[in-house]
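Colleague: Got a predicted model here, sequence first, then my questions.
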Amino acid sequence: MPGANPEDRNGKVLAIILAGGRGSRLHDLTDREAKPALPIGPHARLIDFTLANVVNSGIGQAMVLTQYQPDTLHRHLLDSWQAETAQPAISILDGAEYGPYEGTAAAVSCVVDEIDLIAPRHVVILAGDHLYQMDYRPFVERHIATGAEVTVGVVHVPQEQAAGLGVLEADAAHRVTSFVEKPFVAPPAPDRPGFTLASMGIYVFGWPLLRDLLKEIEGTVADLDFGKHIVPALVSCGTAFAYTLPGRQGREPLWRDLGTLDAYHGVQRQLLDGSLPLDPAWSIDYPVHHGLGDRRAIGFGSRLRNVVLLPGATIGRAVTISDAIVLADAVVPDGFDLDAELTEHGRWCVVSEGGIRVISARALQRLASRRRREAEPSSIGGFREPDRRPRRAGAVSPPSFL
């Protein structure tokens with residue numbers, strides 16, 4: 001059930017969800033839809049976890065800013081979240097109409113007039129492509145109590161996993177003293193050896209201050225970004241503070257950046273075996289119940305091991321697949337053996353650092369094209385020999401296009 005409305009003490013709060021990103025490291029998974037629209041489990045999409053946080057935090061209004069491949073995301077929001085009596089009241093502002101959005105802060109700058117119509121006292125800037133559970137009320141309250149100009153949501157991350165994130169250092173009063181995007185070496189967190197404080201990509205601002213700051217900087221930076229430009233500027237002024245994501249019910253905080261194939265596969269497997277530490281009281285409760293549904297079809301005699309099968313995928317008979325993600329558009333033919341096809345025809349699909357293979361309609365088309373090419377007569381007569389040169393296991397490389 002949603003908690004008490006934070007507006008009672010803090011004035012009107014608006015959640016702004018940035019949901020226009022692609023997530024290029026996910027390769028085929030985000031060719032046709034934005035990263036926030038990726039399926040999670042049999043019924044949810046990634047953005048639903050952020051929206052569930054908004055609902056359970058008692059925030060009554062939310063804006064979702066979309067841009068890259070927005071159709072699936074729009075349909076999902078309209079079908080599952082936009083009921084007449086739904087809370088929060090969600091408005092969708094797409095970059096095709098209001099943008100283009102050329103950076104996270106630039107996206108907010110593009111919709112200043114629409115935010116002014118709501119007239120919030122505070123805005124909570126949220127990323128729509130992370131999986132986590134969080135009550136935003138203490139986040140806003142800490143922001144007000146410290147007198148901060150920006151409060152950055154942070155989480156403890158192992159130092160070796162922080163290279164692709166924004167990391168920061170903070171003093172005993174939680175004031176941010178340094179902020180670096182994607183460092184080569186992440187600074188250690190003072191309270192947890194071996195960990196660093198990583199930005200969750202979420203922020204609290206007083207709206208009048210942020211609006212004035214955006215107008216002041218507008219036009220001076222092409223890709224105005226919170227992590228690259230806004231937050232470092234406020235850190236240098238000594239007005240940026242950190243709020244560390246707390247655990248729930250005595251557990252470690254749940255926060256996953258699903259920016260890689262291995263991370264996405266791992267979360268899906270955890271959901272399947274029940275090991276993802278979700279708080280059931282903080283569940284996704286759609287105002288309208290139109291989930292993805294489960295349209296999977298697996299043929300007789302097929303063997304799947306360590307496979308994430310997205311809703312809509314079709315698996316033929318006597319198929320053997322292991323360590324893979326099978327996309328919704330894939331139709332895997334009878335008798336298909338993934339390991340054998342890779343051994344015989346080389347690298348025709350994306351393979352993650354952890355050895356997870358991605359089977360999509362496009363990958364299967366590349367395989368079919370490679371088979372045809374290998375069967376063609378060579379220029380000196382006879383047939384081409386299949387390319388059986390050894391491939392370096394576990395490497396991430398763009399697929400070959402023939």
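Modeller: Received the coordinates, thanks.
Colleague: Buried ones in the host helix or strand of Glu374, by neighbour count?
Modeller: Here Glu374, judged by DSSP states H and E, is contained in helix 361-375. Buried residues in helix 361-375, defined by neighbour count with 16 or more other Cβ atoms under 10 Å: Ala361, Arg362, Ala363, Leu364, Arg366, Leu367, Arg370. (Glycine included, C-beta is placed from N, CA and C.)
Colleague: Setting the sequence-adjacent residues aside, check what's closest to the third one.
Modeller: Right, the one you point to is Ala363. Once flanking residues are discounted, Ala363 sits nearest to Cys349: 4.0 Å by Cβ to Cβ, 6 or more residues apart in numbering.
Colleague: Am I right that the one you found is in contact with Ile356?
Modeller: No: using Cβ atoms under 8 Å as the test, Cys349 is too far from Ile356 to be in contact (10.2 Å).
Colleague: Determine the longest strand present in the protein.
Modeller: In the chain, taking DSSP state E as the definition, the longest strand is strand 195-206.
Colleague: what's the spacing between that one and its chain's center?
Modeller: 15 Å (Cα atoms, centre = their mean, to the nearest Å).
Colleague: cool, and stretch 48-59?
Modeller: For stretch 48-59, the separation from the chain centroid amounts to 16 Å (computed by Cα atoms, centre = their mean).
Colleague: Next: stretch 358-369.
Modeller: From the chain centre to the centre of stretch 358-369 is a distance of 25 Å (Cα atoms, centre = their mean).
Colleague: One more: stretch 239-259?
Modeller: Distance, centroid of stretch 239-259 to centroid of chain: 15 Å (Cα atoms, centre = their mean).
Colleague: which of the residues in it are buried?
Modeller: Quick answer for stretch 239-259 (16+ other Cβ under 10 Å): 239-245, 248, 253-259.
Colleague: what's the burial count for Arg45?
Modeller: Arg45 has 24 neighbours, counted by other Cβ atoms under 10 Å.
Colleague: circling back to that earlier point, and the longest strand of the chain, which strands flank it?
Modeller: strand 122-127 (antiparallel), strand 150-158 (antiparallel), strand 166-170 (antiparallel) (DSSP bridges).
Colleague: Please save the CA atoms from that strand in CSV.
Modeller: Output of strand 195-206 as CSV, limited to C-alpha atoms (Å, rounded to 0.1, in the frame of the first residue of the first chain):
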residue,chain,number,x,y,z
PHE,A,195,33.5,-0.7,-1.8
THR,A,196,33.0,2.7,-3.3
LEU,A,197,30.0,5.1,-3.3
ALA,A,198,28.4,5.0,-6.7
SER,A,199,25.7,7.4,-8.0
MET,A,200,22.4,5.7,-8.6
GLY,A,201,21.7,8.4,-11.2
ILE,A,202,18.9,9.8,-9.1
TYR,A,203,18.7,13.3,-7.6
VAL,A,204,16.6,15.7,-5.5
PHE,A,205,16.5,19.4,-6.4
GLY,A,206,14.4,22.3,-5.3
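Colleague: Next secondary structure element downstream of that strand?
Modeller: For strand 195-206, the succeeding helix or strand toward the C-terminus, using DSSP H and E, is helix 207-217.
Colleague: Go through that next one and flag the buried ones.
Modeller: Neighbour-count burial for helix 207-217 [16+ other Cβ under 10 Å]: Trp207, Leu210, Arg211, Leu213, Leu214, Ile217.
Colleague: Give the rounded mean pLDDT of the following helix or strand past that helix.
Modeller: Next along the chain after helix 207-217, taking DSSP H and E as the criterion, comes helix 231-236. For helix 231-236, mean pLDDT is 94.
Colleague: repeat for stretch 251-258
Modeller: Mean predicted lDDT for stretch 251-258 stands at 87.
Colleague: Start and end of it, how far apart?
Modeller: End-to-end distance for stretch 251-258: 20 Å, by Cα to Cα, to the nearest Å.
Colleague: Need the pLDDT of Ser378.
Modeller: 61.
Colleague: Please read the previous query as pertaining to Asp135.
Modeller: Per-residue pLDDT puts Asp135 at 95.
Colleague: Just confirm it contacts Asn53, I think it does.
Modeller: Yes: the criterion here is Cβ under 8 Å, and Asp135 meets it with Asn53 at 7.4 Å.
Colleague: Between these two, which is the more surrounded one?
Modeller: Asn53 (22 against 17).
Colleague: okay but the more buried one is in contact with Arg137, surely?
Modeller: No: Asn53 is beyond contact range of Arg137, at 10.5 Å (criterion: Cβ under 8 Å).
Colleague: burial count for Thr320?
Modeller: The burial count for Thr320: 16, using other Cβ under 10 Å.
Colleague: do Leu276 as well
Modeller: For Leu276, using other Cβ under 10 Å, the count is 17.
Colleague: Could you double-check that it lies in contact with Leu258?
Modeller: No: in this structure Leu276 lies outside contact range of Leu258 using Cβ under 8 Å: 12.0 Å.
Colleague: Give the residues shared as contacts by those two.
Modeller: Overlap of the contact sets of Leu276 and Leu258 (by Cβ atoms under 8 Å, 6 or more residues apart in numbering) consists of Val267.
Colleague: So which residue is dead centre in this protein?
Modeller: Most central in the chain under Cα atoms, centre = their mean is Asp129, positioned 2.4 Å from the mean C-alpha point.
Colleague: Now do the contacts for the nearest residue to it once chain neighbours are set aside.
Modeller: Leaving aside its chain neighbours, Asp129 sits nearest to Lys35 (4.4 Å; criterion: Cβ to Cβ, 6+ apart). Residues near Lys35 by Cβ under 8 Å, 6+ apart: Gly21, Arg22, Gly23, Leu26, Leu46, Asp129, Leu258.
Colleague: could you redo the last one with a cut-off of 10 Å?
Modeller: 19-26, 29, 46-47, 68-69, 73, 127-130, 258-259, 264 (Cβ atoms under 10 Å, 6 or more residues apart in numbering).
Colleague: Filter those down to just the buried residues.
Modeller: Applying 16+ other Cβ under 10 Å to the contacts of Lys35, the neighbour count classes 19-23, 25-26, 29, 46-47, 68-69, 73, 127-130, 258-259, 264 as buried.
Colleague: Pretty sure the residue nearest to the centre of the chain sits against Gly259.
Modeller: Yes: counting by Cβ atoms under 10 Å, Gly259 is a contact partner of Asp129 at 8.0 Å.
Colleague: between those two, what contacts are shared?
Modeller: In contact with both Asp129 and Gly259: Gly21, Gly23, Leu26, Lys35, using Cβ under 10 Å, 6+ apart.
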